[in-house]
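Asks: below is the sequence, then the predicted model.
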Amino acid sequence: MRRLLALPVLVLLLALPLPLRAAPPAGLDALLEALALDDLLAIMREEGIGHADELAAEMFPGRGGARWSAAVTQIYDGERMSGELRDSLAGSLAGADLTPLVDFFTSADGARIVSLELSARRALLDEAVKAASRERLEEMQADDDPRLDLIGRFVEVNNLIEANVAGALNANYAFYAGLADGRAFDFDMTEEQMLADVWSQEQEIREETRDWVLSYLTMAYAPLSDEVLESYVALSETPAGGALNAALFQGFDVSFTRISRELGLVAASFISGQDI
């Protein structure tokens with residue numbers, strides 16, 4: 001059960017619980033609109049549903065059908081995901097000055113960045129496009145393309161590899177916990193066993209994450225000049241940019257931890273032959 005996040009702006013840190021239904025900071029609505037986060041959520045929802053189909057084929061082939069599809073659709077409820085994200089952002093950005101972020105993402109360059117990120121993320125739903133993007137990355141690496149240095153700075157500033165690896169491990173553990181709570185196994189799986197299994201995947205997840213993030217970003221930002229990309233890196237280095245990065249990671253981790261556990265619970269019912 002793996003998950004990669006690549007968001008407009010920055011990409012995420014593991015979540016700590018925050019109070020929900022906090023009063024939204026001034027400018028939050030304008031920022032969410034500028035970042036087109038509802039559009040991103042729709043793409044991530046499509047990714048998740050596709051991954052859930054792969055899970056069913058691997059874990060209980062031929063037994064999912066309409067019941068599994070209906071359960072997955074309910075788990076990946078778009079309004080629920082949007083509400084979870086908004087509540088988390090309202091809490092984690094409380095008191096923050098969002099003006100520099102709104103100004104950047106409503107500018108011509110900022111809006112273009114968001115559009116390119118969304119277009120690339122949507123295009124990567126196609127396996128052929130995904131393969132082509134990785135081939136292009138390999139070519140750039142072989143040629144020592146200087147654009148990779150700038151992409152690398154963006155990745156480092158925003159902690160994209162480590163944060164995504166942590167998020168994937170966290171989601172995997174939640175999925176295992178759901179399986180265990182749903183009695184998918186004919187033995188009692190201990191927390192130590194689940195942790196050991198999850199951590200055994202860390203290196204593979206790290207390699208996949210690095211390839212995915214770099215191929216995604218090089219494809220998304222290919223049309224941008226170095227100057228525009230430099231301005232994006234500079235925003236990421238500001239307190240406001242760092243706060244948004246952390247808030248986004250936290251908000252999405254809340255949703256995907258919940259989603260992963262619920263998928264595990266429902267999958268357990270199919271594995272064990274229970275009614276749902």
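Replies: Good, I have the coordinates. Numbers count the residues shown, from 1 in each chain.
Asks: for the one helix or strand residue 73 maps to, buried residues please.
Replies: Element membership for residue 73, per DSSP states H and E: helix 65-75. Neighbour counts over helix 65-75 (16 or more other CB atoms under 10 Å) mark 68, 71-72, 75 as buried. Where C-beta positions appear, they are placed from N, C-alpha and C, glycine not excepted.
Asks: check stretch 88-104 too.
Replies: In stretch 88-104, counting by 16+ other CB under 10 Å, buried: 88-93, 96, 98, 100-102, 104.
Asks: report the buried residues of the lengthiest helix in the chain.
Replies: Longest helix in the chain by number of residues, with DSSP state H as the criterion: helix 239-272. Across helix 239-272, burial judged by 16+ other CB under 10 Å covers 240-271.
Asks: looking at the buried residues of stretch 88-104, which are in helices?
Replies: Judged by DSSP H, helices contain the following of those: 88-92, 100-102, 104.
Asks: from the chain's centre, how far out does stretch 81-100 sit?
Replies: Relative to its parent chain, stretch 81-100 has a centroid offset of 17 Å by CA atoms, centre = their mean, to the nearest Å.
Asks: first vs last residue of it, how far apart are they?
Replies: The straight-line separation of the ends of stretch 81-100 (CA to CA, to the nearest Å) is 26 Å.
Asks: and that stretch, what's its mean pLDDT?
Replies: Mean pLDDT, stretch 81-100: 93.
Asks: with stretch 47-65 instead?
Replies: Regarding stretch 47-65, the rounded mean pLDDT is 92.
Asks: alpha carbons only: can I get it in CSV?
Replies: The C-alpha trace of stretch 47-65 is given here as CSV (Å, rounded to 0.1, in the frame of the first residue of the first chain):
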residue,chain,number,x,y,z
GLU,A,47,-5.1,7.8,-8.7
GLY,A,48,-6.3,6.2,-5.4
ILE,A,49,-9.3,4.5,-7.0
GLY,A,50,-7.0,3.0,-9.6
HIS,A,51,-4.6,1.8,-7.0
ALA,A,52,-7.5,0.3,-5.0
ASP,A,53,-8.4,-1.8,-8.1
GLU,A,54,-4.8,-3.0,-8.2
LEU,A,55,-5.0,-4.0,-4.5
ALA,A,56,-8.2,-6.0,-5.2
ALA,A,57,-6.6,-7.8,-8.1
GLU,A,58,-3.6,-8.7,-6.0
MET,A,59,-5.2,-9.5,-2.6
PHE,A,60,-8.5,-11.0,-3.5
PRO,A,61,-8.7,-11.5,-7.3
GLY,A,62,-12.2,-12.0,-8.7
ARG,A,63,-14.0,-11.2,-5.4
GLY,A,64,-14.2,-7.4,-5.4
GLY,A,65,-16.6,-6.4,-8.1
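Asks: go ahead and name everything in contact with that stretch.
Replies: 1, 3, 68, 72-73, 75-76, 125, 259, 263, 267, 270-271 (CB atoms under 8 Å, 6 or more residues apart in numbering).
Asks: what segments of the stretch 101-250 of the chain are helices?
Replies: For the stretch 101-250 of the chain, the helices defined by DSSP state H, counting those that start in this stretch occupy 108-123, 127-142, 147-157, 160-181, 191-199, 202-220, 226-236, 239-272.
Asks: burial of residue 48, as a residue count?
Replies: 20 (other CB atoms under 10 Å).
Asks: so which strand or helix has residue 49?
Replies: helix 37-59.
Asks: off-centre distance for stretch 236-254?
Replies: 13 Å.
Asks: how about the CA coordinates for that stretch, as PDB?
Replies: Written as PDB, here are the backbone C-alpha positions of stretch 236-254 (Å, rounded to 0.1, in the frame of the first residue of the first chain):
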ATOM      1  CA  SER A 236       9.800  27.800  -0.800                       C
ATOM      2  CA  GLU A 237      12.700  29.100   1.300                       C
ATOM      3  CA  THR A 238      10.500  31.800   3.000                       C
ATOM      4  CA  PRO A 239       8.700  31.300   6.300                       C
ATOM      5  CA  ALA A 240       5.400  31.500   4.500                       C
ATOM      6  CA  GLY A 241       6.500  28.900   1.900                       C
ATOM      7  CA  GLY A 242       7.700  26.600   4.600                       C
ATOM      8  CA  ALA A 243       4.500  26.900   6.600                       C
ATOM      9  CA  LEU A 244       2.400  26.100   3.600                       C
ATOM     10  CA  ASN A 245       4.600  23.100   2.800                       C
ATOM     11  CA  ALA A 246       4.200  21.700   6.300                       C
ATOM     12  CA  ALA A 247       0.500  22.500   6.300                       C
ATOM     13  CA  LEU A 248      -0.100  20.700   3.100                       C
ATOM     14  CA  PHE A 249       1.800  17.600   4.100                       C
ATOM     15  CA  GLN A 250      -0.100  17.500   7.300                       C
ATOM     16  CA  GLY A 251      -3.500  18.000   5.700                       C
ATOM     17  CA  PHE A 252      -3.000  15.300   3.100                       C
ATOM     18  CA  ASP A 253      -1.500  12.900   5.600                       C
ATOM     19  CA  VAL A 254      -4.600  13.200   7.700                       C
END
